[in-house]
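*Asks:* Could you work out the structure for the sequence below:
(one chain, ligands or ions: 1)
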Amino acid sequence: MFSLNEMNDQQPQKPAFAGSLMNRKGFLQAAGQVVAVGVASGVAASCQSNGQAPSYPVPTASTYKAPSGQQMATSPPFSPPAKVPTDVEAPIELEAWKSDADRKSAPTPTPLPPDGRVGYALVGLGHLTLEELLPAFGSCKKSKPVALVSGSPEKLQKVAKQYGIKPENCYSYENYDKLKDNPEVQVIYIVLPNSMHAEYTIRGAQAGKHILCEKPMANSSAECQAMIDACKKANRKLMIAYRIQYEPYNRYVREQIQKNEFGKPKFVDAYNCQSSANPKHWRHIKALAGGGALPDIGLYCLNTTRFILGEEPTEVSAYVYSDPENPLFKEVEEVCSWQMKFPSGVIANCATHYNVHDSRQYRIMTERGWYELANAYAYNGQKLMTSRADGAIVRQENVSIMPKDQFATEMDYFSECILENKEPYSTGEEGLQDQRIMEAIYQSAREGKPVKLPRIDKKDAFRGPEPQLQ
Ligand code: NAD
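*Replies:* So this is what the prediction gives:
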């Protein structure tokens with residue numbers, strides 16, 4: 001018998017019942033539906049015979065009784081034709097109805113069943129974990145939270161209840177290494193103050209788990225190297241959580257720049273600034289944070305510029321400043337401004353500040369146009385404008401891309417690397433390279449002169465294979 005679910009690309013879109021009138025029983029069989037007798041009685045299901053798409057059964061005499069006693073018209077249940085591939089990774093294709101005058105909808109999601117998803121242990125229940133990561137699992141298709149690590153039993157208990165984590169999967173920092181005995185955990189996601197990234201990555205790899213580590217990778221290139229070595233030795237994957245490298249607007253700009261769509265890139269202007277207020281927070285303690293605005297938020301300008309250009313800087317020149325009267329900046333810098341010179345001749349002008357209102361944007365100037373991304377490094381709200389000349393006209397376009405949850409995309413990509421045994425894109429080596437450049441930036445600011453870096457001619461020298469994101 002014809003089943004709507006068995007349609008595939010080769011079969012005509014016209015179902016068997018289109019083009020002929022069918023009695024109600026035949027129609028309901030074709031639609032594969034069970035209809036409550038009282039509800040559907042009196043319906044004459046009709047199908048149009050115009051030779052086009054199947055029509056929907058139109059309610060004629062069918063009614064149901066509302067609580068008020070009133071008889072209300074009812075529509076008989078019906079499954080419009082849909083393609084339902086058996087492959088879990090292939091989306092269900094529903095009957096189309098929109099014209100191509102409007103943007104196409106995204107494909108229907110293809111979540112893996114819960115027992116097929118990669119299990120994550122989140123280490124550190126602070127702002128990022130509670131405000132972004134745990135909620136983002138709700139949009140994940142390949143990842144699930146299965147364990148938590150925290151120094152606070154109260155937080156552990158509450159958060160575990162909220163997200164359905166078993167009590168036996170809640171760990172303290174003291175029994176963190178016991179994660180090795182938990183087969184439900186495949187990934188440890190390190191969301192701790194920067195100074196703790198190296199230790200918990202190394203111990204996590206030794207526990208036999210893959211590691212997703214927040215940026216900045218660590219507080220020194222020596223720590224970064226030790227993390228890479230530990231993961232290699234344990235034969236575990238290591239990915240640095242550079243969410244921007246998986247974010248659709250930034251990926252689009254990179255693609256355009258790589259294709260020289262408006263000519264070659266020539267100059268980059270990039271800022272990532274915000275304000276802070278609590279001098280006791282670890283972000284203002286050098287031993288924990290490694291630095292101030294630069295490793296925390298300036299890193300986005302550095303990493304995203306490298307990502308978009310696919311090049312590595314050969315020289316940096318920098319200033320840092322901290323208001324001596326401000327207790328927030330006793331240990332870490334308030335502002336850092338730096339330039340980077342790239343082998344192609346591109347100069348990037350970057351700045352980061354911890355004491356101004358939010359400002360997170362870049363402009364990439366090319367031979368024949370520019371790309372300007374507002375909220376470039378924010379969790380959402382990206383706005384892309386491009387400009388180029390077209391004869392006597394200047395064309396400025398707003399490019400609108402379907403937004404995605406950046407954290408869900410990033411976690412699902414790492415899960416895919418594990419499920420399909422692929423090398424991650426934002427590798428430990430990528431994090432180490434940023435650390436080396438940040439060390440050169442601080443050195444330049446200290447010495448008051450430019451600092452050279454080794455010339456690297458290979459494109460995307462520290463990244464893994466280009467991800468195919470859904
Ligand atoms: P946070 O201070 O809100 O949370 C850190 C958590 O670490 C604390 O809540 C605590 O549970 C735990 N912790 C353990 N030992 C600690 C110690 N000695 N001092 C302080 N906290 C300790 O910080 P956050 O904003 O969640 O940042 C955590 C990490 O995530 C940092 O490395 C940060 O750079 C990174 N981060 C990344 C993004 C991003 O967009 N990718 C955004 C924010 C933060």
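*Asks:* Which positions in stretch 426-440 come out as buried?
*Replies:* 426-440 (16 or more other C-beta atoms under 10 Å). For every residue, glycine as well, the C-beta is placed using N, CA and C.
*Asks:* From those, pick the one nearest K161.
*Replies:* Distance to K161 across the buried residues of stretch 426-440 (C-beta to C-beta) is lowest for S426, with 32.7 Å.
*Asks:* Run through the bridge partners of the closest one.
*Replies:* Residues in a beta bridge with S426, per DSSP bridges, are R463.
*Asks:* Counting by contacts, list what the strand or helix carrying N272 packs against.
*Replies:* Secondary structure assigned from DSSP states H and E places N272 in strand 265-275. Secondary-structure packing of strand 265-275 (3 or more C-beta pairs under 8 Å, 6 or more residues apart in numbering; DSSP states H and E): helix 299-309, strand 347-353, strand 355-366.
*Asks:* for the ligand, what are the nearby residues on the chain?
*Replies:* Listed as neighbours of the ligand in the chain under the rule C-beta under 6 Å from any ligand atom: 124-128, 150-151, 191-194, 214-215, 241, 243, 282, 296.
*Asks:* hmm, back to that, so which of the helices and strands packed on strand 265-275 is the most surrounded?
*Replies:* Highest mean neighbour count among these (mean count of other C-beta atoms under 10 Å): helix 299-309, with a mean of 25.
*Asks:* Just give me how far the next helix-or-strand element following that one sits from the chain centre.
*Replies:* Per DSSP H and E, the first helix or strand lying C-terminal to helix 299-309 is strand 315-321. Distance of strand 315-321 from the chain centroid (C-alpha atoms, centre = their mean, to the nearest Å) equals 30 Å.
*Asks:* tell me the mean pLDDT over strand 315-321?
*Replies:* Averaging pLDDT along strand 315-321 yields 98.
*Asks:* relative orientation of it and helix 299-309 in degrees?
*Replies:* Taking axes from the mean of the first three to the mean of the last three C-alpha atoms, to 10 degrees, one finds that strand 315-321 is oriented at 160 degrees with respect to helix 299-309.
*Asks:* Report the strands that pair with strand 315-321, each with its relative direction.
*Replies:* strand 335-341 (antiparallel), strand 451-452 (antiparallel).
*Asks:* Where does the stretch 51-200 of the chain get nearest to the ligand, which residue?
*Replies:* Distance from the ligand to each residue of the stretch 51-200 of the chain (C-beta to the nearest ligand atom) is smallest for G126, at 1.7 Å.
*Asks:* Check the burial of that residue by counting its neighbours.
*Replies:* Applying other C-beta atoms under 10 Å, we find 13 other residues in the vicinity of G126.
*Asks:* Relative to P327, how far out is the closest residue to it other than its chain neighbours?
*Replies:* Nearest residue to G126 in three dimensions, chain neighbours excluded: V191, at 6.7 Å (C-beta to C-beta, 6 or more residues apart in numbering). For V191, the distance to P327 (C-beta to C-beta, to the nearest Å) stands at 27 Å.
*Asks:* again with Y377
*Replies:* Distance of Y377 to P327, given as C-beta to C-beta: 27 Å.
*Asks:* do G464 as well
*Replies:* From G464 over to P327 the distance is 42 Å, taken as C-beta to C-beta.
*Asks:* three-state assignment of P183?
*Replies:* Of the three states, P183 takes coil according to DSSP: H, G, I helix; E, B strand; the rest coil.
*Asks:* Can you pull the phi and psi angles for the closest residue to E367 other than its chain neighbours?
*Replies:* Using C-beta to C-beta, 6+ apart and skipping residues adjacent in sequence, the residue nearest E367 is G263, 2.8 Å away. Main-chain torsions, G263, degrees, to the nearest 10: phi 90, psi -180.
*Asks:* Could you report the pLDDT at G263?
*Replies:* Taking G263 on its own, its pLDDT is 98.
*Asks:* can you check P77 too?
*Replies:* Looking at P77, its pLDDT is 85.
*Asks:* quick one on the thing from earlier: right, and the helix or strand after the strand holding N272?
*Replies:* Tracing the chain past strand 265-275, the next element assigned as helix or strand by DSSP H and E is helix 286-289.
*Asks:* biggest helix in this structure, by residue count?
*Replies:* Assignment by DSSP state H gives helix 428-447 as the longest helix of the chain.
*Asks:* for that one, packing partners?
*Replies:* Using 3+ C-beta pairs under 8 Å, 6+ apart, helix 428-447 sits against helix 221-233, strand 238-240, helix 299-309, strand 315-321, strand 335-341, strand 451-452.
*Asks:* which residue ranges form the helices in this protein?
*Replies:* 24-31, 37-40, 127, 134-136, 153-163, 197-206, 221-233, 248-258, 286-289, 293, 299-309, 406-419, 428-447.
*Asks:* now for the ones you listed, which one comes closest to V118?
*Replies:* When the helices of the chain are ranked by proximity to V118, the top entry is helix 406-419, at 3.8 Å, counting by C-beta to C-beta.
*Asks:* Surely A226 and A198 touch.
*Replies:* Yes. Counting by C-beta atoms under 8 Å, A198 is a contact partner of A226 at 6.0 Å.
*Asks:* higher neighbour count, those two?
*Replies:* More crowded of A226 and A198, by other C-beta under 10 Å: A198, with 22 against 16.
*Asks:* check contacts around the more buried one.
*Replies:* In this structure, A198 makes contact with 218-219, 223-224, 226-227, judged by C-beta atoms under 8 Å, 6 or more residues apart in numbering.
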